[in-house]
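> pasting the structure only:
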């Protein structure tokens, strides 16, 4: 395939793992050596799982980063997987299979390191960095698991030399090998876990230093700042202006009512209700509704009460209703925002349309059911 954008890079990676999984699985049926056959089956499952991970990664990645062109700096020639399974894995030994697959993963990692060092756009550099970490982590895990399986296999083999007969592979020895392997795995996973916590803490501190801006994955404009109203509260009414690379004005259906999504006051911070495309915001936009988002600021206004919050939210609803006469806005909230729109709907009787609520902890399926309900006029 031609690699022209970073979307193509991610798709190329997915296709590579898919091809390798299919090839390894095919060769496992022709491999006669038991240990090598087991290895091929394990590697095939590993590559298939990695292909699914890359597919999920592609769905969640920012459109701007995916659509970035590679231009001139991609002189590096990416690995081109065979169109058919021509690699003779069925004829290779255990060590030869390991070396072949490990080398392929190293080439992929080298490709991403090359791109990361030549990418100037921050969103794209972040995308490549995350893919690089994924490939490095999976390569390290692959090496560890194959080495571990090799040690366990050797411990279970019958003694063949005089030295082996002096030190037979008894059950106790196997238990010690298993314990050592487990302790090594535990130590490695602990290091990875601590490194993940370190990265998470750095991201949190960076976000806090920036003032905890909304995590919205959509462009927006501020319509009203609740802190500047007569009864102030730390909420703001935002209008979603762009999703991806296209302006929304030509995509909206003028006959459909606006949707007002109230952001839950969750520990994730402001904007969690629309931090990815597959969210309440993204689904409402996909259906052609004008979308407004009620975000909150991290710190409350001095002396702020729930009554003040309700008054500000009512003002937001009135503003949206004025912008779309004759089309009562739909209120949507999940988790903590559910009780907020319940109170708001009662306080704005006759001013708003349906007010679907997804139960706390609900998954995307429950949110889609709620959206379909008010879309059908329930």
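Alright, I've got the coordinates. Remember, predicted model here, so these are calculated numbers, not experimental data.
> any idea where the strands of the chain begin and end?
Taking DSSP state E as the criterion, the chain contains strands spanning 219-225, 235-243, 246-247, 259-262, 291-296, 330-334, 357-358.
> With mean pLDDT added, can I get those in CSV?
As requested, those are arranged in CSV below (pLDDT from 0 to 100):
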stretch, mean pLDDT
strand 219-225, 87
strand 235-243, 84
strand 246-247, 51
strand 259-262, 88
strand 291-296, 87
strand 330-334, 82
strand 357-358, 70
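> Figure out which of those strands is closest to residue 143.
Smallest distance to residue 143 across those (C-beta to C-beta): 41.2 Å, for strand 235-243. Every C-beta, even on glycine, is put in place using the N, C-alpha and C of the backbone.
> Which elements pack onto that closest one?
Packed against strand 235-243 by the contact rule (3 or more C-beta pairs under 8 Å, 6 or more residues apart in numbering; DSSP states H and E) you find strand 219-225, helix 280-286, strand 291-296, helix 306-323.
> most packed of these?
Comparing the helices and strands packed on strand 235-243 by mean neighbour count (mean count of other C-beta atoms under 10 Å), strand 291-296 ranks first with a mean of 26.
> so that strand versus helix 306-323, what angle?
160 degrees (axes from the mean of the first three to the mean of the last three C-alpha atoms, to 10 degrees).
> quick one, what contacts the residue nearest to residue 139 when sequence neighbours are not counted?
Leaving out its chain neighbours, the residue that sits closest to residue 139 by C-beta to C-beta, 6 or more residues apart in numbering is residue 105, at 4.3 Å. Taking C-beta atoms under 8 Å, 6 or more residues apart in numbering as the definition of contact, the neighbours of residue 105 are 135, 138, 139, 142.
> now the residues you listed in JSON lines, with pLDDT, distance to residue 128 and neighbour count?
Compiled in JSON lines, the contacts of residue 105 are given as follows (pLDDT from 0 to 100; distance: C-beta to C-beta, whole Å; neighbours: other C-beta atoms under 10 Å):
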{"residue": "135", "pLDDT": "87", "distance to residue 128": "10", "neighbour count": "22"}
{"residue": "138", "pLDDT": "85", "distance to residue 128": "16", "neighbour count": "19"}
{"residue": "139", "pLDDT": "85", "distance to residue 128": "16", "neighbour count": "18"}
{"residue": "142", "pLDDT": "81", "distance to residue 128": "21", "neighbour count": "19"}
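> ok, which pair from these is furthest apart?
135 and 142 (10.3 Å).
> For residue 340, find the nearest of the helices and strands packed on strand 235-243.
When these are ranked by proximity to residue 340 (C-beta to C-beta), helix 306-323 comes first, at 6.8 Å.
> worst-scoring helix or strand of the protein, pLDDT-wise?
Taking mean pLDDT, DSSP states H and E as the measure, the helix or strand of the chain with the lowest value is helix 162-166, at a mean of 45.
> if we can go back for a sec, please tabulate the strands of the chain in CSV, including the columns distance to residue 56.
Written out in CSV, the entries for the strands of the chain read as follows (distance: least, C-beta to C-beta, whole Å):
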stretch, distance to residue 56
strand 219-225, 24
strand 235-243, 20
strand 246-247, 24
strand 259-262, 24
strand 291-296, 25
strand 330-334, 22
strand 357-358, 22
